[in-house]
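okay, here's the prediction I keep looking at, along with the sequence it came from:
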Amino acid sequence: MKGFPKVIKTKSDLVNTFKMAKKGSLKKSDWLEAVVKLENQNWIMCPVINLSEDRKAVTIMFCAEAAAGQRVKNGAVYPTIQSVETVEVGKSTTDTENADTEGQEAAREGTGSGQAAAGQQNTTTHTILNLSKAVNIGTMEIGIPAAVTFYDRLGISREEIEEMKGELEA
């Protein structure tokens, strides 16, 4: 990508680099690669914590953007979210973690002793997505649609991008 801008921030940046790629001033493959990077910003990639046996229920860390009816990205598979469930998961802490926490709390509060019970329960929020079809075997992450897409940020439509990509790929 020598000579290609490091960041495309505006619609005019995208259109100008497209024109330059079309003329041959920039490599077409560089422009197409930059568009793929922009399109990837349309997804919030969430690591998969747990996958059900049938691979239709996916547990991820809490994701407020996940909603029923959305399509999620899983490689070339785009299942629809049938339902979203938020659960609190208890996490048992060890004595070492308690001692660390106790020391930090004492330092913050300026007290010499803080009594933390062994096996104290902390909670973590997870989101369980029930999907319309199974995700790929070995799925490590899943893409949730971002609230604001790069199309919105740049003020350009998906159709315009697809048209430009088509011109360069032809």
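Good, I have the coordinates.

chain center to stretch 48-57: distance?
18 Å (C-alpha atoms, centre = their mean, to the nearest Å).

before we move on, what about stretch 137-144?
Taking the mean of its C-alpha atoms, stretch 137-144 sits 10 Å from the chain's own mean (C-alpha atoms, centre = their mean).

contacts for that stretch, please.
Under the criterion C-beta atoms under 8 Å, 6 or more residues apart in numbering, residues 43-48, 51, 55, 58, 60, 63, 65-66, 70, 72-75, 129, 135 lie in contact with stretch 137-144. Backbone N, C-alpha and C define where each C-beta goes, glycine included.

check stretch 24-37 too.
1, 3-4, 8, 14, 17-18, 20-22, 161, 164-165, 168-169.

let me know the average pLDDT across that stretch.
Average pLDDT, stretch 24-37: 91.

re earlier: any of the contacts of stretch 137-144 buried? List them.
If you count burial by 16 or more other C-beta atoms under 10 Å, the buried members of those come out as 43-44, 46, 48, 51, 55, 58, 60, 63, 66, 72-74, 129, 135.
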